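In: got a sequence here, can you build the structure:
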Amino acid sequence: MKTIIKAITFSAALFTLAGCASPEQQAADREAKQAELARITQCDVQARNTEDGATKSSFISLLEKEARSASADAFIADQKHQQLMLTGYDGSASSAINDCLVQQRKARLDRIEPVFSKRKAAAKSGEEKKALIEAYSAWEAYLKALSPSAKQEFDNKLAFYKNM
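Out: I've put the predicted structure just below:
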């Protein structure tokens, strides 16, 4: 019986000591976590060259491409949040990820708005102008919501404009 008690005590002491990391190891773990957080919170807001959107088809293509890119940005942000949970939740890192998504959306809107204004001015009829405005508004709504229903609404409005 004494042997079993000694074995259990020895095992408990061994497990306790195994869980204690040296100060150097703790510092290395903190540095690795900080490096991972820096990688996760890195934001890519590029000033992409947009097509001129001079033609109806190039403008439609541009809206579709930017909608796909916005969806990809949201997917990446979601993956970063999941990675953050594995690394250890950090409120400032989570805010940085969300802020990056907002910056990317704003940059996308800022790039497309002048192209939209040119297309609106070049609209041949009142019906075409109305369809263009509705398609662009649905695109903006999709960028803000990134939901399946907003995507469906955007696709419908864009198809209507495309077929005019």
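
In: pLDDT below threshold where in this protein?
Out: Scanning the chain for pLDDT under 70 picks out 1-21, 27, 30-31, 34, 47-52.

In: can you do 80?
Out: 1-41, 45-54, 87-89 (pLDDT under 80).

In: can I see the domain layout of it?
Out: For the chain, the structural domains run 72-115, 123-164, going by automatic domain parsing.

In: which one of those domains lies nearest to L63?
Out: Closest to L63 of these, according to Cβ to Cβ: domain 123-164, at 5.1 Å. Every residue, glycine included, has its C-beta placed from N, CA and C.

In: quick one: end-to-end length of the closest one, please.
Out: Chord length of domain 123-164, first to last residue, is 11 Å (Cα to Cα, to the nearest Å).

In: all helices of the protein, in order?
Out: 2-19, 23-40, 56-87, 91-121, 126-145, 148-162 (DSSP state H).

In: got a list of what the most centrally placed residue in the chain touches?
Out: Taking Cα atoms, centre = their mean as the criterion, A74 is the residue nearest the geometric centre of the chain, at 2.8 Å. Going by Cβ atoms under 8 Å, 6 or more residues apart in numbering, A74 touches L101, L146.
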